[in-house]
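**Q** Fold the following for me, if possible:
(chains A and B)
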Amino acid sequence: MRFNTSVIFDVFKRYDFSFFGICSTIFFIGILNLYSATQGSPHMASLYKTQLAYFGISLAAGMAVSFFGPKNFYRYAYTFYFINVFLLVIVLVMGHKGMGAQRWLVLGPIRFQPSEIMKLSVVLGLARWWSKHDTDRELGIKELIIPFGICFVPALLIILEPDLGTGLLILLIFFVMAFYRKLKWKTLVIIALIGTISGVVMYNFGLKDYQRRRILTFLDPTADARGSGYNAIQSRIAIGSGQFLGKGWKKSTQASLNYLPENHTDFVFSIFNEEQGFVGALLLISLYIVLFFRFIWLASSVTRLFDAVVSVGLMSIFFWHTFINMGMVMGLMPVVGLPLPLMSYGGSSLVTFGLCCGIATSLSNSRNLF
Amino acid sequence: MFGEDDVVRSHKGRLTLIGNIVIFFFLIIIARLWYLQIYSGKELYRYSIENTLRKETVKAARGMIFSRNNQLLIHNIPRFDAIIIPQYLKNKNASVDKLAQILKMSSKDIKKTLKKNRGQAKYRPVVIKKNISRKEVAIIETENFKMPGVLVHSFISREYSDKEIGGHLLGYISEISQHQLPKYRKRDKFNYKLGDFIGQAGLEEEMDLELRGDDGHEFVRVDARGRVRKHVSGSEIFSDVRNRKAVPGNNLRLTIDRDMQITAYNSLEGKVGSAVAIDVNTGEILTMVSRPSFDPTQFSRGLTTEYWKSLVDNTKNPLRDRTIQEHYSPGSTFKTFTALAALEEGIITKDQKVKCGPTFKLGRRRYHDWNRGGHGLTDVYKSLKRSVDVYFYKIATQLDIDVLARYARKFGFGSKTGIMLPRETSGLIPDREWKKKRYGEDWQLGETLSCSIGQSYILATPLQLAVAYAAIANKGKLYHPYLIREVFKNDGEVVKKFSPKMVSQVNVSEDSLNAIKKGLYQVVNERKGTAWWYRGIGIHMAGKTGTSQVKSMTSKELFSKCEEMPYKDRHHGIFVGYAPADDPKIAVSVVVEHGCHGSSAAAPVVRDVITNYMKKYHPQTYNKFAEEDKKALKEFWKKEKIRKDKIKKAKEKEKLEKEKEQAEKEAEKSEEA
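**A** So this is what the prediction gives:
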């Protein structure tokens, strides 16, 4: 009896609550914001309840994962990876029977996007590869071929869905992880140069104006290809009108007019800024930065290379989502449709971020095991 | 595990760098936030309060369509709708009442319309009444300040110069429907939106992507009533706001001649049918009309229910393009090809005379000639001139259906011509294989007999007939029929050019072809030819009449008067001709549904169209021919007079002789007495 209680006590003493703590804080700020953003339209007014339910699910899933040891992640990394790629193929095959972009997989009552979990699987897969290969040297082009394949296959499948945003995100995550695994500076410059130049040249000169528009429509049929950035402009007005202190909670004028059609998913940050102002935004951003540095610190304190690479990978998932979402909402980059972690409405992404926290917590807990 | 610790530690440098990069990236975010919220916060705040920014679509002007002589067939004129933008509606009831009063509608209806569109975003306009008059426009514009949110929306409407004439050919445009939207987006890879007008028939449909142009948009600042105040561009915060100019659609120059269209349409007055004229030497379509027709303008202006009902309820189906979407038994017009096949296959020679009685007996069945008396000795010329059925029955007993089908297909029958118009039907040329597949039965010789005179399973569209006869006229050169000469931009730059395209050179001997042409010439230009009375003046036409049975008839019915039968049972009248006979330039086919005779119903239409063509394009030839014809006519009447006089004289002589006889008899009687 005494033995048992001490074990449970031990577990809790060792348990790292920091990841779940920070994430929950951001989530609850998000749920308040979501509540405010959706009050304008009656059919969305109860979305916050659904979001709370998703939170419960993802917290449970994350917690469950946090009790697996890191060795399990290592052992099943490739298995997860291949299953997930297989699911992506299934989505593509079934998607052609449906209409428009098909990103969902339906399993009985559960609907989920394999492309969301794919981010995690890529991180684990890459981590396993890099923890066993080329650990003693810097990475050049030759060493990058297989890891790039690991991330490129799912990225391509996702781009074909079509979901350009998530596909490119996986490439960016790969880039950060490779950089951590000592990507040679020379190689980095070459990759960056080739990437930018070919991208810019293709987009600006390789295509005619109408082709460009067609490609955009093809990649994202929901985008208003003919109305360059009406959403983005309204979003900027929303953000700017918040000024220093914001209009106050539930006082958004842009949300209620439906100027922002996606104000509960991709554009939550503009509503938040409108209501909470510059001060509120700084606070939220600080929370995110604390979260990122928690991951970075984890990467520096673990003893196994696999754990460290995973930490950096998880960090980059959060980081790119946050940066790209904020950037597109403020008009710094094109609207690609990525959610803001823990703030945007959506079950699949919330579960993914919950799992990220779970893995990180598991890694953190295992440090004190010897 | 020893050593791995060190490996991890060796990555510390990179980790620090990553941390710095994260910080740097978020400094950019914060800088941007500062710029938006602090630096330009006040101005953006004002925007958000007034909601002053609106995006307006600038509709692209749809391309115009010209005739071959650059006369406008379709053009665009401005039109006005009364709209309400719910977002700006301040005092709903008062505004709606006022608008109702101006438009002479009930406020209830307006509210109903508003309610129907409640689901869409509030800044989206709701159309209250389409096509308001200039007077209503003026009143709304001046009273606008009393009813914020009520506006006039002006845009461009499509007008068809000749209304019903050629309605099928030109087609019409109307709003894209819910179920068309996803289909067409996929088909054209073009981001259509609800409310977009698209071509739904004819050239408007076929050439939609050329004609439609590309809509633009512009951002405008509006005041609290929703009235446009200022165009925003170049403002600092919205430096990346890009207005996009609308790109007008391309224009079409057709091969169609407008005058001939009108002539053909008027000539078909009171008839149900169609006419197709084709340039024999190029394949250019000169005329293509179908009656009854519809007014395409009505569609682009928002169809009224009454007009739609009148179209749908009409049993004569005005929406169907009878030139390509309807096929008929070609009747005797098909004999031309049977005769050609027989000559080529050596079944007959051109001067060989065959005895043709009133009927032809095959097994137990009797096949009747249209002429109850029969025709006597007949050669190939006479067979066409008098349309001798029995002559062809006799040929058919030796001509295999598969061979006949092969010849027919050479002239384009049985498959689509590929003209640039939607929903063309292919017609039908039967053969053994087809029948086996379709009915699971073997071919019967009796069916070949029917097919040889263009009845039974054979079906052809008026366009196919015109194309095939053009090939006959043009030494067997089969041309692809086309409608568009060029596609050009508003500044005159030619985008696409279409030129004559020969499909094939039909492989038949010139000798046979000339024999056929001689026969076709006699049909029109010799006495007792079936179209002799409709030969016209100055055109020297050649051609073939056809009467196609709508249902199979007993011999009694067959010889009863067609005009006395119920409308639905009357024969179709067909005539296909070309002119001038010795140097053909134009071929015309006309089908008049239930017109009874090819000669009286269809031939006059062909004559009118060709006369119009000759007068316009070859006036010298026309005048020359006309003089010849008039002279010939005079001579004919002179001869006729002599002939009649002779008959008269003979009769008088007879009479005199009789009188004489009687007088003599009487004299004898009196003598006896």
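**Q** What residue in chain B comes nearest to chain A?
**A** At 2.9 Å from chain A, B:Leu44 is the closest residue in chain B, using C-beta to the nearest C-beta. Glycine gets a C-beta too; all of them are placed from N, C-alpha and C.
**Q** For that residue, pull up the helix or strand it's in.
**A** In this structure, B:Leu44 sits in helix B:41-50 according to DSSP states H and E.
**Q** repeat for A:Phe306
**A** In the assignment (DSSP H and E), A:Phe306 maps to helix A:305-329.
**Q** for that helix, which positions count as buried?
**A** Neighbour-count burial for helix A:305-329 flags A:305-329 (criterion: 16 or more other C-beta atoms under 10 Å in any protein chain shown).
**Q** out of these, which touch chain B?
**A** Among these, the residues lying close to chain B (C-beta under 8 Å from any C-beta of the partner chain) are A:305, A:308, A:312, A:315, A:319, A:323, A:326-327.
**Q** helices and strands of the chain: which one bottoms out on pLDDT?
**A** Assuming you mean chain A. helix A:209-219 (a mean of 56; mean pLDDT, DSSP states H and E).
**Q** ah, no, chain B please
**A** Ranking every helix and strand in chain B by mean pLDDT, DSSP H and E puts strand B:228-231 at the bottom, with a mean of 58.
**Q** The strand or helix carrying B:Thr113 - contacts with which helices or strands?
**A** Element membership for B:Thr113 (DSSP H and E) is helix B:107-116. Helix B:107-116 sits against helix B:92-103, strand B:126-129, with contacts defined as 3 or more C-beta pairs under 8 Å, 6 or more residues apart in numbering or on different chains; DSSP states H and E.
**Q** Deepest-packed of these, please.
**A** Mean neighbour count (mean count of other C-beta atoms under 10 Å in any protein chain shown) peaks for strand B:126-129 among the helices and strands packed on helix B:107-116, with a mean of 19.
**Q** Let me know how buried the closest residue to B:Glu563 other than its chain neighbours is, in neighbour terms.
**A** Nearest residue to B:Glu563, sequence neighbours excluded (C-beta to C-beta, 6 or more residues apart in numbering or on different chains): B:Cys596, at 5.9 Å. Residues contacting B:Cys596 under the criterion other C-beta atoms under 10 Å in any protein chain shown number 19.
**Q** same thing with B:Trp637?
**A** 11.
**Q** Would you check how far apart it and B:Asn623 are?
**A** According to C-beta to C-beta, to the nearest Å, B:Trp637 stands 21 Å off from B:Asn623.
**Q** Now for the residue nearest to the spatial centre of chain B: which residues touch it?
**A** Centroid check for chain B by C-alpha atoms, centre = their mean gives B:Leu169 as the closest residue, at 3.0 Å. Counting by C-beta atoms under 8 Å, 6 or more residues apart in numbering or on different chains, B:Leu169 touches B:202-203, B:256, B:288-289, B:321, B:323, B:421, B:483.
**Q** Out of those residues, list just those in strands.
**A** Applying DSSP state E to the contacts of B:Leu169, the entries found in strands are B:288-289.
**Q** For B:Glu510, which non-adjacent residue is closest in space?
**A** Ranked by C-beta to C-beta, 6+ apart and with sequence neighbours excluded, the top spatial neighbour of B:Glu510 is B:Lys475, at 6.8 Å.
**Q** unless I'm mixing things up, that neighbour is touching B:Leu513, no?
**A** Yes. Counting by C-beta atoms under 8 Å, B:Leu513 is a contact partner of B:Lys475 at 6.6 Å.
**Q** out of the two, which sits in the more crowded spot?
**A** The neighbour count for B:Lys475 versus B:Leu513, taken as other C-beta under 10 Å, is higher for B:Leu513 (20 against 15).
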